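# Turn this into a structure:
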Amino acid sequence: MLMKDEIKAAIEALLFISAERVGREELMEVLNLSEKDFDQIMLEMFAEYNQVQRGIQILALDGGYIMGTKPEYTQMVNRMGKNPSRRLSSAALETLAIIAYRQPLSKAEIEQIRGVKTDRVIATLLEKSLIKETGKKDTPGRPALYGTTYEFLKLFALSSLEDLPVIEAKE
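Okay, here's the model as predicted:
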């Protein structure tokens, strides 16, 4: 049985090497931890990362965890050119918001909302792994449906889509 500090180090290593969201069930299984012990260790790790001046953080994402850069260091990371997808045009941000709030959507539905063609924007968002094809619409032509990805959640430091700000309807 690993000691608590060794378990924390193992969690860091697993999250670091994966570079993607790792499910909590998978972490508990790999580390042979009960839910209670795992939750306690994660709470301690979140507190430790918030107390100490570090450039990285652990983010809870939709039933799992991922390592990410703290927002205050994003500018420096961007200056190094190592942040592949982070400069988005206003058209891309608008399209991404539409998809995030109304997913799954087809390209035609997005274009109807935006009032302009979205071929390039959707291609860019797919290339940056911020959206993905989630299925096909059950209509003639079977158009692709799009939804957001874990990369989207990570980029905006959201745990899940429920963390999106509430949009109030205009009257």
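
# alpha carbons only for contacts and neighbour counts from here, please
Fine.

# Could you pull up phi and psi at Arg142?
Backbone torsions of Arg142, given as degrees, to the nearest 10, read phi 40, psi 60.

# Please apply the same query to Ser34.
According to degrees, to the nearest 10, Ser34 has phi -70, psi 160.

# How much space separates it from Leu61?
20 Å (C-alpha to C-alpha, to the nearest Å).

# Ala13 too?
In terms of C-alpha to C-alpha, Ala13 sits 17 Å off from Leu61.

# Looking at those two, which is more packed in?
Set Ala13 next to Leu61 and count neighbours by other C-alpha atoms under 10 Å: Leu61 wins out with 21 against 12.

# Sort out which residues of stretch 122-136 are buried, please.
Of the residues in stretch 122-136, 122, 124-126, 128, 130-132, 134 count as buried by neighbour count, 16 or more other C-alpha atoms under 10 Å.

# Helix or strand: which one has Leu59?
According to DSSP states H and E, Leu59 maps onto strand 56-61.

# Can you list the buried residues in that strand?
57-61.

# So what does Glu133 have for phi and psi?
phi -80, psi 130.

# Surely it is in contact with Ala144?
Yes. Between Glu133 and Ala144 a contact is recorded at 6.2 Å, counting by C-alpha atoms under 8 Å.

# which residues touch the closest residue to Ser34 other than its chain neighbours?
Of all residues not flanking Ser34 in the chain, Met28 sits nearest, at 6.7 Å (C-alpha to C-alpha, 6 or more residues apart in numbering). Going by C-alpha atoms under 8 Å, 6 or more residues apart in numbering, Met28 touches 34-35, 38.

# is it fair to say Ser159 lies in a helix?
No. The assignment for Ser159 by DSSP: H, G, I helix; E, B strand; the rest coil gives coil, which leaves it out of any helix.
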